[in-house]
Structures are given as C-alpha cells and as structure tokens.
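Novice: Quick one: sequence plus predicted model below, questions after.
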Amino acid sequence: MSPRTRGSRSSGRRPPVRRRPRGPGRRRRRVEDRLIGLLIAAALGVGLVVVVVNWLLAHWWILAAAAVLAVLVGGGLLHRKRQRARWDAVRAQGLRYGLAQLDALHHTRFEDAVRDLMHRDGCRDAVRVGGGGDLGADVKATDPYGRRWVIQCKHRRAGLAGSAVGTPDLQVLNGTARQVHGADVAVIVTNGRVTAPAVAFAGQQRLHVVDRHTLGAWASGSRPLWELLRAVPPPRKPSALS
C-alpha cells in the first residue's frame with residue numbers, strides 16, 4: 001500500500017468528540033435559579049401583605065368589628081366559666097345525703113358519694129379509685145391541711161341489717177393504706193355495723209372507723225370529716241381554714 005493511500009485513509013477519520021466536563025457551573029446555575037424563585041415568592045408575599053394591609057386600612061371598620069366581636073366572645077366564655085365555677089361551689093357546699101339515700105345506692109355510687117363529700121369539705125383532688133386491684137383504697141383525697149386521706153368503703157344495701165364490717169376488712173386497709181398509698185389518715189366508711197374487735201383493732205393501728213352514726217352526721221351536715229373523727233394527725237401545712 002502506497003503512502004498516499006495511507007494518508008488518504010487516515011485523513012478521512014473523524015477526530016474524537018471531547019465531552020465537556022461537568023463543572024460547578026451547572027450547580028451554580030441551579031442555586032441561582034432557586035434563589036431567584038425564592039426572591040420572587042418573597043416579593044409576591046410582601047406584595048400580598050401590602051395589599052391586605054392597605055385594604056384593611058381602607059376598611060378599618062371591619063377590623064374594629066372583628067376585634068369587638070372577639071372581645072365579646074372571649075368575655076362571654078370567661079363569664080360562663082366563672083359562673084359555672086360559682087354554681088359548682090354552691091352545689092358542693094349544699095351537698096347532703098340522708099342515710100336512706102345512701103342505703104339505696106349501688107356500691108360504686110356509694111363510693112362516688114364519699115368522694116363528693118370529701119370534695120365538698122375542700123379536698124379538690126378527691127377521686128374514686130375503687131375497683132378490681134384497688135388494694136384497699138376506694139377514695140383518695142388531700143384535705144386543705146395537706147393530709148393525704150385513703151378511704152375504704154363498705155356499703156351494705158340492708159344498712160344495719162347487713163353483714164358487719166370485721167377485723168379482716170381493717171387488716172386489708174392497714175396493710176396498704178400507708179405503705180402502698182402513702183396515707184396520713186386511713187379510714188373505713190360503712191353505712192352498716194362494725195364489730196367490737198374491729199373497732200379495737202382500728203384503735204391499736206391508728207385507723208379511723210366511720211360507722212353508720214358518724215356517716216349520717218357527716219353526710220347530712222356541713223362539718224368536714226376531720227372534725228368528726230378523733231386523733232386525726234396534725235396539719236402538714238397551714239391553710240386558710242386554720
């Protein structure tokens with residue numbers, strides 16, 4: 001093959017195409033495009049705010065009416081809340097139960113009644129916790145003097161004719177009231193009878209028994225329970241009632 005032929009063939013080949021390397025130019029353009037988009041969006045937002053403000057300034061009475069309406073609605077809600085609180089306080093102060101009413105209650109409603117009586121006396125956190133696994137505590141409450149009350153309720157539908165509360169019931173309360181529930185005052189409340197050995201056991205273990213007679217005086221009167229019981233622990237903190 002002659003040199004001319006080789007030269008002609010070699011001259012007919014296309015030079016390879018060089019790809020431009022991807023440099024930081026494209027990334028920079030993307031960043032700039034995003035910034036431009038954000039600036040446009042911010043400008044539109046500012047423009048919208050300016051339009052709205054100008055419209056409100058031109059129609060100021062709408063803004064004033066909305067403010068007055070908001071004040072009236074808020075004041076009405078606050079007034080209703082305060083009035084409801086006053087009525088709740090009046091109802092709590094006037095809460096009374098007769099023994100016949102308590103006898104007719106279901107045992108869970110009896111626990112509710114004891115809770116409500118504690119709330120009437122100023123125990124704002126009074127709560128019923130009775131049920132399965134209550135560990136001897138049906139009602140818990142903190143009185144205005146800071147003392148923690150743990151109450152076990154024993155309701156007898158037949159009243160005095162029902163089964164008497166005995167020492168085993170007091171033993172359950174004694175075993176859990178202080179150790180488990182942190183009670184300062186451990187009480188058992190019943191609308192029925194309490195056996196003499198149970199009363200003696202309660203005195204030995206610093207437990208308090210609210211029998212039918214004491215329950216009747218408490219539920220139908222206005223004196224708090226701690227004024228009807230003997231040897232109640234001293235207050236933990238000063239109170240407005242002290």
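Specialist: That came through fine.
Novice: Quick check: can you list the domain ranges of this structure?
Specialist: For the chain, automatic domain parsing gives the domain ranges 30-91, 99-227.
Novice: ranking these by mean pLDDT, which is last?
Specialist: Of all these, the minimum mean pLDDT falls on domain 30-91 (a mean of 81).
Novice: ok, then the element right after the helix or strand residue 67 falls within?
Specialist: Taking DSSP states H and E as the definition, residue 67 sits inside helix 60-93. Helices and strands here follow DSSP H and E; after helix 60-93, the next one along the chain is helix 99-104.
Novice: what comes into contact with stretch 166-173?
Specialist: 136, 150, 152, 154, 186, 188, 195, 197-198, 201-202, 205, 207, 209 (CB atoms under 8 Å, 6 or more residues apart in numbering). For every residue, glycine as well, the C-beta is placed using N, CA and C.
Novice: For these, could you give me TSV that also reports distance to residue 175?
Specialist: Shown next, in TSV, are these (distance: CB to CB, whole Å):
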residue	distance to residue 175
136	7
150	12
152	11
154	16
186	10
188	13
195	18
197	17
198	15
201	12
202	13
205	10
207	11
209	16
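Novice: Narrow those to those that are buried.
Specialist: The neighbour count (16 or more other CB atoms under 10 Å) marks 136, 150, 152, 154, 186, 188, 198, 201, 202, 207, 209 as buried among the contacts of stretch 166-173.
Novice: give the contact list for the residue nearest the centre of the chain.
Specialist: The chain has residue 125 as the residue nearest its centroid, 10.9 Å off, counting by CA atoms, centre = their mean. Residues near residue 125 by CB under 8 Å, 6+ apart: 140, 141, 142.
Novice: Is it located within a helix, as I assumed?
Specialist: No - assigned with DSSP: H, G, I helix; E, B strand; the rest coil, residue 125 falls outside any helix and is coil.
Novice: quick one: it and residue 148, what's the gap?
Specialist: As judged by CB to CB, to the nearest Å, residue 125 and residue 148 stand 10 Å apart.
Novice: which neighbours do the two share?
Specialist: 140, 141, 142.
Novice: got the contacts of residue 125 as JSON lines, with secondary structure columns?
Specialist: Formatted as JSON lines, the contacts of residue 125 follow (three-state DSSP):
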{"residue": "140", "secondary structure": "strand"}
{"residue": "141", "secondary structure": "strand"}
{"residue": "142", "secondary structure": "strand"}
